[in-house]
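S.K.: Sharing a model prediction with you, sequence too.
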Amino acid sequence: MHPILFTIGPITIYSYGVMLATAVLVCTYFLSLDAKRYKISQEMAYDLVFWCMLGGIIGARIAYIFIAWDYFSQNLGEMIMIQKGGLAWQGGFIGGSLAGILFARRHKLALRPLMDLSAPYIALGQSIGRIGCFLNGCCYGKPVAWGIYFPQQNARLYPTQLFECVSLFIIFLILKKAQAKGHQPGFVFILYLWLAAIERFVVEFYRGDHDWTFAGLSLAQYVAVVVFITGLILMKVFKKK
C-alpha cells in the first residue's frame, strides 16, 4: 500500500486525497459535456458538481466519524483530515443528494433530469475513489490465502476496494447506456440506487473492517436495503407524477 505518494518539504501528498481530486476533475469534465443534452450550461454543471461533491464529502465524513466514533473520540484533531481516508458512502449519498436538491430549487431546474444527469458520474466518482482506498489500505477485506498483502493488517486480504472499483465502473457503463435510451425522467437515478445497493450488499460479505453486525449483516448492508427500497418508492412516486 502507498498511503503517502511523496513529500515536498513539510507538505505531504496522500494517495487518497489525490484520487479524490482526480474523481472530482474527471466527473466534472464528462458531466459538463453531457449537460448540453439536458439544456444545462457548462458553468451551471460545474456549480452542480461543486456543491454536490462538497455536500457529499461533508456527509460522508460525518457518517464515517459516527461509525468510527471510538477512534475519533480519542483523536479529535483527525476529524477533518480526509486526505488520509475515511468517507462513508451512505453519508456521502445523503449529503450529495440534499445539496443537489437545494441546487435544483435555487436555480429552478427540473429535479429528475438533473438526477439522471448526475447518476452515472456518482458511480464513476466512487469507482475512482476506491483506488484511493486501495492505496490507503482502508476499506479492506477479510483474510484469504490468495489475497493481496496489506502491511497495515499484516495479512493477505480480499482486495474489496478493487472489487468495488470494477463493479462501480460497470455500473457507470450500465447507467450511461440507460441514459442514452431515454427512459422516463428519474429512472437512471433509480437504477443507480438499485445497482449500488446490490453491489455494496454483496461486497460487504467480504469486508473485514467492520465490527458491528446484527443477524449476520453489517450496518452498511441494512443501509443498502433501505437504499434499494427507496428506489422502489421513488419509482412509484415518479410513475404517479
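M.R.: Cool, got the structure. Numbering: from 1, shown residues only.
S.K.: Which strands and helices lie in contact with the strand ranked longest in the chain?
M.R.: The longest strand of the chain (DSSP state E) is strand 143-150. Helices and strands touching strand 143-150, by 3 or more Cβ pairs under 8 Å, 6 or more residues apart in numbering; DSSP states H and E, are strand 155-157. From N, CA and C alone the C-beta is placed, and that goes for glycine too.
S.K.: 10 Å instead, please
M.R.: Secondary-structure packing of strand 143-150 (3 or more Cβ pairs under 10 Å, 6 or more residues apart in numbering; DSSP states H and E): strand 155-157, helix 160-181.
S.K.: what's next to the first one, contact-wise?
M.R.: Residues from elsewhere that reach strand 155-157 (Cβ atoms under 10 Å, 6 or more residues apart in numbering): 137, 140-150, 206-209.
S.K.: Adjacent strands (with direction) for it?
M.R.: When sheet partners are counted by DSSP bridges, strand 155-157 sits next to strand 143-150 (antiparallel).
S.K.: Now do the strand it pairs with against helix 160-181, angle only.
M.R.: With axes from the mean of the first three to the mean of the last three Cα atoms, to 10 degrees applied, the angle from strand 143-150 to helix 160-181 works out at 90 degrees.
S.K.: and strand 143-150, which residues are buried?
M.R.: Residues of strand 143-150 classed as buried: 147, 148, 150 (neighbour count, 16 or more other Cβ atoms under 10 Å).
S.K.: Same check on stretch 201-215?
M.R.: 201, 203, 204, 206, 207, 208, 209.
S.K.: Pretty sure the fifth one sits against residue 133.
M.R.: No - between residue 207 and residue 133 there is no contact under Cβ atoms under 10 Å: 11.1 Å.
S.K.: intersection of neighbour lists for the two?
M.R.: 139, 140, 160, 161, 164.
S.K.: Closest one of the buried residues of stretch 201-215 to residue 231?
M.R.: residue 201 (12.9 Å; Cβ to Cβ).
S.K.: For the closest residue to the closest one other than its chain neighbours, which residues are in contact?
M.R.: The spatial neighbour of residue 201 that comes closest, neighbours along the chain excluded (Cβ to Cβ, 6 or more residues apart in numbering), is residue 224 at 4.2 Å. Residues in contact with residue 224, defined by Cβ under 10 Å, 6+ apart, are 89-90, 193, 196-204, 217-218.
S.K.: now, among the residues you listed, which is nearest to residue 101?
M.R.: Closest approach to residue 101 among those (Cβ to Cβ): residue 193, at 14.9 Å.
S.K.: so what's that closest one closest to, chain neighbours aside?
M.R.: Of all residues not flanking residue 193 in the chain, residue 231 sits nearest, at 3.6 Å (Cβ to Cβ, 6+ apart).
S.K.: And residue 143, by the same measure?
M.R.: Nearest one to residue 143, counting by Cβ to Cβ, 6+ apart, is residue 155 at 5.0 Å.
S.K.: Which residues does that neighbour form beta bridges with?
M.R.: With DSSP bridges as the rule, residue 155 is bridged to residue 150.
S.K.: about what we covered before: ok, the buried residues of stretch 201-215 vs residue 68, which is closest?
M.R.: residue 209 (9.7 Å).
S.K.: quick one: that closest one and residue 236, what's the gap?
M.R.: Separation of residue 209 from residue 236 (Cβ to Cβ, to the nearest Å): 35 Å.
S.K.: just the strands in the chain please.
M.R.: 4-8, 11-14, 143-150, 155-157, 213-214, 217-218.
S.K.: Pick out the shakiest of those strands, pLDDT-wise.
M.R.: When those are ranked by mean pLDDT, strand 213-214 comes last with a mean of 78.
S.K.: Adjacent strands (with direction) for that strand?
M.R.: Partner strands and pairing direction for strand 213-214 (DSSP bridges) are strand 217-218 (antiparallel).
S.K.: Output stretch 57-69 as PDB, restricted to C-alpha atoms.
M.R.: Taking Å, rounded to 0.1, in the frame of the first residue of the first chain, the C-alpha atoms of stretch 57-69 are listed here in PDB:
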ATOM      1  CA  ILE A  57     -17.800  14.900   1.300                       C
ATOM      2  CA  ILE A  58     -19.200  16.600   4.400                       C
ATOM      3  CA  GLY A  59     -22.000  14.000   4.700                       C
ATOM      4  CA  ALA A  60     -19.500  11.100   4.100                       C
ATOM      5  CA  ARG A  61     -17.100  12.400   6.700                       C
ATOM      6  CA  ILE A  62     -19.800  12.900   9.300                       C
ATOM      7  CA  ALA A  63     -21.100   9.400   8.700                       C
ATOM      8  CA  TYR A  64     -17.600   7.900   9.000                       C
ATOM      9  CA  ILE A  65     -16.900   9.800  12.200                       C
ATOM     10  CA  PHE A  66     -20.100   8.400  13.600                       C
ATOM     11  CA  ILE A  67     -19.200   4.900  12.600                       C
ATOM     12  CA  ALA A  68     -15.700   5.100  14.000                       C
ATOM     13  CA  TRP A  69     -16.500   7.300  17.000                       C
END
